[in-house]
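> sequence unknown, structure follows:
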């Protein structure tokens, strides 16, 4: 059945030969996609050609993993499907880390690739590989379109899987023999829309579950809300719910920036106390993974009830079965709960005021200490001083901040204001900073985009500075250059004394010179008084890079908490010890 004509597809495009590649491009436009990220290759050129004619922006990168990282950044910032294209063989294998990171983040990403022509498969063709089989463990859906009759079926299925129609959202993958891409799409009319999905189907909560959740919240005295990926599209619903319940609020790496840092209930500086002392924990679209102690009573020691809200098992019951689970779109659930009068009947206001006060004091103390300690013991700029100057200089609540690395990410999570919207995430994929920032700047050209990146992490995708310049993106990259893989270096120094410097140091690198050679504005900063003017200049001259010489002699919060120890039961030493004590 013919649908209505798609206004976004030009008559010139519709008049082109209706190949499978042409149909793919048309489908992407109909799915609301505006750009694709990728690196050229002979096998996927038919898709690129048709995407260009369809009016899609093609952002060409220098390494395929960066293309998938950029697509993840777009998906995470917009909540919409984002697309990367990678060529055959090594192009696909280069992209696997990006797929795994998007899977862990539950980001709705579609990756398209190609395979050799069908007549050569099985004969040892150029770059031949079972690509769909390779990526199946790190995707929600992975298939090869081997016949044009399968085209619409697999495109719809891939997009539905990516958006989380029947389970968690996450990356989906399709590839095409190149002769199929060039062939006629006989089962598809690019001028017609036939139910192309742009979001998962609405999911209304059960009224009985809502009543049970509302009752549990009314009985609570110390409620704490923790948000995740599923909450991302619904910031106002979260704020309204917080205001209605008076609950304290903790974000996670999946949901930074949803609630203003100035909100009265936001208490990131007392995260551990809020988690351990809450009597009712309300999770919104969030897994209870390692970052939340798997929901263990050793971490949530006072919790009498977990109320879990989400669309999938991972968000509703994984690791800890809740006392109440509400399956549905978080926005619909929160709005319905807010209307149910969920104000606790006997709230522990003294506890709330104490934690809010502790949070304010800790944030203020952090600023005072950061300003009072501009340098580390080695005479190089203290990471906290770097972040404090950036906060003070930027002073822009609309800025999009990104953090990437090990050591500097730990400092940034504590001190960066507003908190970084994007970082390495639960997969811990170093190297996302540059591609994330490029994509963020393209998506939001009217907003300042700043990425704070460790020197080790920067090396993974440093060449994407060239992509920033060529694409017209205007981010600022602030490199924390402590000349080491510093969490690992400190671990070696303290625990592997026989060879404490083995493979952990990165001396003598001039990242400003790399940026300058690639056509970006670049500066090197060695003294704290140079940093503020350097940031101001970089913001006006973007894309730009500042190589900041930071101290490697300061222990980051993550290192101090035992992250490098790799405890047996939990990611942090204190949680691990508490779990062991509980098991005695």
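Everything's here; your move. Remember, predicted model here, so these are calculated numbers, not experimental data. Numbering: from 1, shown residues only.

> so, low pLDDT: which residues of this protein?
Applying pLDDT under 70 to the chain picks out residues 1-7, 191-194, 497-501.

> which helix runs longest in it?
Once the chain is assigned using DSSP state H, the helix that runs over the most residues is helix 349-372.

> can you list contacts of that helix?
221-222, 246, 248, 264-270, 273-274, 277, 382, 384-385, 387-388, 414-415 (Cβ atoms under 8 Å, 6 or more residues apart in numbering). The C-beta positions use only the backbone N, C-alpha and C, and glycine is treated the same way.

> residues in contact with the residue nearest the centre of the chain?
Per Cα atoms, centre = their mean, the C-alpha nearest to the average position across the chain is that of residue 422, at 5.0 Å. Under the criterion of Cβ under 8 Å, 6+ apart, the neighbours of residue 422 are 73, 76-77, 256, 400, 402-403, 432, 436, 440.

> ok so, going back, hmm, which of the contacts of helix 349-372 are the buried ones?
When those are checked for burial by 16 or more other Cβ atoms under 10 Å, the buried set is 221-222, 246, 248, 265-270, 273-274, 277, 382, 384-385, 387-388, 414-415.

> what helices and strands are in contact with the host helix or strand of residue 25?
With elements delineated by DSSP states H and E, residue 25 resides in helix 20-30, which encompasses its position. For helix 20-30, the elements it packs on are helix 45-53, helix 151-163, strand 172-177, helix 178-182, judged by 3 or more Cβ pairs under 8 Å, 6 or more residues apart in numbering; DSSP states H and E.

> so which residues of the stretch 301-450 of the chain form helices?
Along the stretch 301-450 of the chain, the stretches classed as helices by DSSP state H, counting those that start in this stretch are 313-316, 330-339, 349-372, 383-394, 407-415, 433-443.

> in the shortest one, what counts as buried?
For helix 313-316, a neighbour-count test (16+ other Cβ under 10 Å) marks 314-316 as buried.

> how about residues contacting it?
Counting by Cβ under 8 Å, 6+ apart, residues outside helix 313-316 touching it are 106, 167-168, 228, 230, 283, 285-287, 308-310, 322, 325, 327.

> before we move on, the earlier item: can you pick the most crowded of the contacts of residue 422?
For these, the largest neighbour count, defined by other Cβ atoms under 10 Å, is 35 neighbours, found at residue 432.

> contacting residues for that residue?
Contacts for residue 432 (Cβ under 8 Å, 6+ apart) come out as 69, 72-73, 101, 402, 404, 422-425, 457, 461.

> against residue 83, how distant is the spatially closest residue to residue 108 that is not a sequence neighbour?
Here the nearest residue to residue 108 in space, its sequence neighbours aside, is residue 162; by Cβ to Cβ, 6 or more residues apart in numbering that works out to 4.4 Å. Distance, residue 162 to residue 83, using Cβ to Cβ, to the nearest Å: 9 Å.

> what touches both of those two?
Taking Cβ under 8 Å, 6+ apart as the contact rule, the neighbours common to residue 162 and residue 83 are 109-110.

> out of the two, which sits in the more crowded spot?
Under the neighbour definition other Cβ under 10 Å, residue 162 and residue 83 were set side by side, and residue 162 has more, 30 against 27.

> that one reaches residue 106, doesn't it?
No: here residue 162 does not reach residue 106: they are 9.9 Å apart, not a contact under Cβ atoms under 8 Å.

> who touches both of these two?
If you check residue 162 and residue 106 against Cβ under 8 Å, 6+ apart, the residues they both contact are 169-170.

> and for residue 563, the neighbour number?
When neighbours are defined as other Cβ under 10 Å, residue 563 has 18 of them.

> try residue 129
By other Cβ under 10 Å, the burial measure for residue 129, its neighbour count, is 16.

> before we move on, what about residue 538?
One way to gauge burial is a neighbour count; for residue 538, by other Cβ under 10 Å, it gives 23.

> roughly how far apart are it and residue 50?
38 Å.

> and if you look at residue 534?
Noted for residue 534: a distance of 44 Å to residue 50, by Cβ to Cβ.

> the more surrounded of these two?
Counted by other Cβ under 10 Å, residue 534 and residue 50 do not tie: residue 50 has more neighbours, with 24 against 20.

> for that one, which non-adjacent residue is spatially closest?
On the basis of Cβ to Cβ, 6+ apart, the spatially nearest residue to residue 50 that is not a chain neighbour turns out to be residue 25, at 3.8 Å.

> and residue 269, by the same measure?
residue 362 (3.8 Å).

> how many neighbours does that neighbour have?
Residue 362, neighbours per other Cβ under 10 Å, totals 14.

> could you number the chain from 512 rather than 1 from now on?
From this message on, residue numbering opens at 512, which makes the last subject residue 873.

> contacting residues for residue 1045?
Residues counted as contacts of residue 1045 (Cβ under 8 Å, 6+ apart) are 1034, 1036, 1057.
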